[in-house]
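S.K.: Attaching a predicted model along with its sequence, questions to come.
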Amino acid sequence: MVTRPHEAHPDEFNPWLHVTSLIEKAGELLGLDEGMIRRIVTPERILEVAVPVRMDSGEIDMFTGWRIQHNTSRGPGKGGIRFHPSVNVDEIAALSADMSIKCAVVNIPYGGAKGGVKVDPSNLSHAELERLTRRYAFAISPMIGPDRDIPAPDINTDPQVMSWIMDTVSMLAGHNMPGVVTGKPLAIGGSLGHAGSTSLGVTICTIALLKQLNRSPQGERVVIQGYGKVGAPLIKLLSERGMMIVGLADIHGAIHVPDGIDHEKMALHFSEAKSIMGYPGSEEIHADELFTLPSDIAIPAALGGVITDKVAETMAASLMVEAANGPTTGEGAAVLTSRNIPVVPDVLANAGGVVASYFEWAQDLQGFMWEGELFRQRLEKTMHDAFDYIWERHDQLNVPLRDTALVVGVERIAEATELRGLFP
Ligand code: NAD
């Protein structure tokens, strides 16, 4: 199929080809005709923009950015913006397709989109970062808007970056437009409950899976890779529900704590050491040993592609919940399936963040701020409903949860596409 945005070297792993092959497989399993599969696979809009920035030195530097809307049959595009030196069109296209699937899996009225700028923001001053963000926001402004496409934070972008995007688009429109981005600070239309929402979704999926396996959370031993925006709140949420975090890794290394990590002590230690390493009473281990530690539940919450076939073969846990995006390679997934290790896939497990974004956007459109408790209740219900539906379909289809989620996502996108027909 001619759906590939960019010709990469045939030997390289290509995230776009990977995701399109998965969507095609799900479409075939559903018996969709080839024309429909091609419509679902192909991104609707790919915008590449030049981003000139006047640096503090007075010189002008050029950067390249993209915004891609993969599929908007079910609603406006939704997806983050990342600033990273490795960003390219294939990566952004693949991530936009993941967002189409993710929004459909948790059944929120969004399509999928993603954006990014090829830049290393650690080399930019605060003022340069603001100028880059505003120029990029201006360049993609014809494509974004509360009823078109709503960006959010992703790698190296945060509430401050969202504030600049919101302000730039509002200045262009001549009026306030808080609903153009989510993940904003509270003071300018952000939402109570947004912080930690991804980790809450991961927790709900973990407990729901344990329940289906007739296991209690009490005393379950967990290993987590990553102590960032997702990993850190996760330790608190899982510990509060009786689980023990016996292994943890961050970019600096990995530790083993057989009696379990105390989340408050870890937060205190991390605030001083800026790393998990050296946590009192912990044993330092090699990073490769994390998933081999005696444990019951594995949660990758850092990087993509870390659960390879080799890691999957020696994984000690008997179930895995994917908090990170794309943590498992195709080969790794095959090994986990052959070992009968159930995996809650990323498109379901880490969807709490996009559900929270949906709630923030809904509040911005209503001009009415919800109470934190209402936000939490609705988030929990959306995640429970999504998990229960995927589990039910997984029982019927008799395929792994990952394949089931893809089938459900593609099915819902196909239904919307079919109902809307083909314009003109
Ligand atoms: P973050 O940047 O806040 O934290 C990343 C963590 O990973 C840090 O603790 C870092 O030290 C660790 N890390 C980096 N390299 C590592 C390595 N080589 N080995 C072990 N640990 C390493 O990022 P985050 O927002 O917590 O996101 C983590 C994952 O979750 C990503 O895959 C992201 O795409 C996904 N995700 C995040 C959200 C969200 O709401 N933040 C939502 C959905 C998915």
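M.R.: Okay, I see it. Residues are numbered from 1 along each chain as shown.
S.K.: Over to stretch 67-77 now: how far is its first residue from its last?
M.R.: In stretch 67-77, first residue to last residue: 10 Å (C-alpha to C-alpha, to the nearest Å).
S.K.: What mean pLDDT does it get?
M.R.: Average pLDDT, stretch 67-77: 98.
S.K.: before we move on, what about stretch 108-121?
M.R.: Stretch 108-121 comes out at a mean pLDDT of 98.
S.K.: CA-only coordinates of that stretch, as PDB, when you get a sec.
M.R.: Provided in PDB are the C-alpha atoms of stretch 108-121 (Å, rounded to 0.1, in the frame of the first residue of the first chain):
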ATOM      1  CA  ILE A 108     -13.700   9.100  23.500                       C
ATOM      2  CA  PRO A 109     -14.900  11.300  20.600                       C
ATOM      3  CA  TYR A 110     -11.500  12.100  19.100                       C
ATOM      4  CA  GLY A 111      -9.400  11.100  16.100                       C
ATOM      5  CA  GLY A 112      -5.600  10.700  16.200                       C
ATOM      6  CA  ALA A 113      -2.900  13.300  15.600                       C
ATOM      7  CA  LYS A 114       0.600  14.100  16.700                       C
ATOM      8  CA  GLY A 115       3.200  16.800  16.200                       C
ATOM      9  CA  GLY A 116       6.800  17.500  16.800                       C
ATOM     10  CA  VAL A 117       9.900  19.600  16.100                       C
ATOM     11  CA  LYS A 118      13.300  18.100  15.400                       C
ATOM     12  CA  VAL A 119      15.200  20.000  18.000                       C
ATOM     13  CA  ASP A 120      17.200  19.300  21.200                       C
ATOM     14  CA  PRO A 121      15.500  21.700  23.600                       C
END
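S.K.: buried set for it?
M.R.: Residues 108, 110-119, 121 are the ones in stretch 108-121 that count as buried (16 or more other C-beta atoms under 10 Å). No exception for glycine: its C-beta is placed from N, CA and C like everyone else's.
S.K.: try stretch 321-341
M.R.: 321-329, 332-333, 335-337, 341.
S.K.: Among these, which ones lie close to the ligand?
M.R.: 323-325 (C-beta under 6 Å from any ligand atom).
S.K.: Closest to L172 out of those?
M.R.: Closest approach to L172 among these (C-beta to C-beta): N325, at 30.7 Å.
S.K.: give me phi/psi at that closest one?
M.R.: N325 adopts backbone torsions of phi -90, psi 130, taken as degrees, to the nearest 10.
S.K.: Neighbours of the residue nearest to it when sequence neighbours are not counted, how many?
M.R.: Setting aside the residues directly before and after it, N325 is nearest to D346 in space (C-beta to C-beta, 6 or more residues apart in numbering), at 5.3 Å. Residue neighbour count, defined by other C-beta atoms under 10 Å, stands at 25 for D346.
S.K.: heads up, I number from 149, so please use that
M.R.: Sure thing, new numbering starts at 149, so read that last one as D494.
S.K.: thought D494 was touching A472?
M.R.: Yes: judged on C-beta atoms under 8 Å, D494 makes contact with A472 at a distance of 6.7 Å.
S.K.: Is the residue in the chain positioned nearest to the ligand in a helix, a strand, or coil?
M.R.: Closest approach between the chain and the ligand, counting by C-beta to the nearest ligand atom: G376, at 1.8 Å. Assigned with DSSP: H, G, I helix; E, B strand; the rest coil, G376 falls in the coil class.
S.K.: same question, V265
M.R.: strand.
S.K.: How about the contacts made by it?
M.R.: V265 makes contacts with 199, 211-214, 229-231, 235, 280, 284, as judged by C-beta atoms under 8 Å, 6 or more residues apart in numbering.
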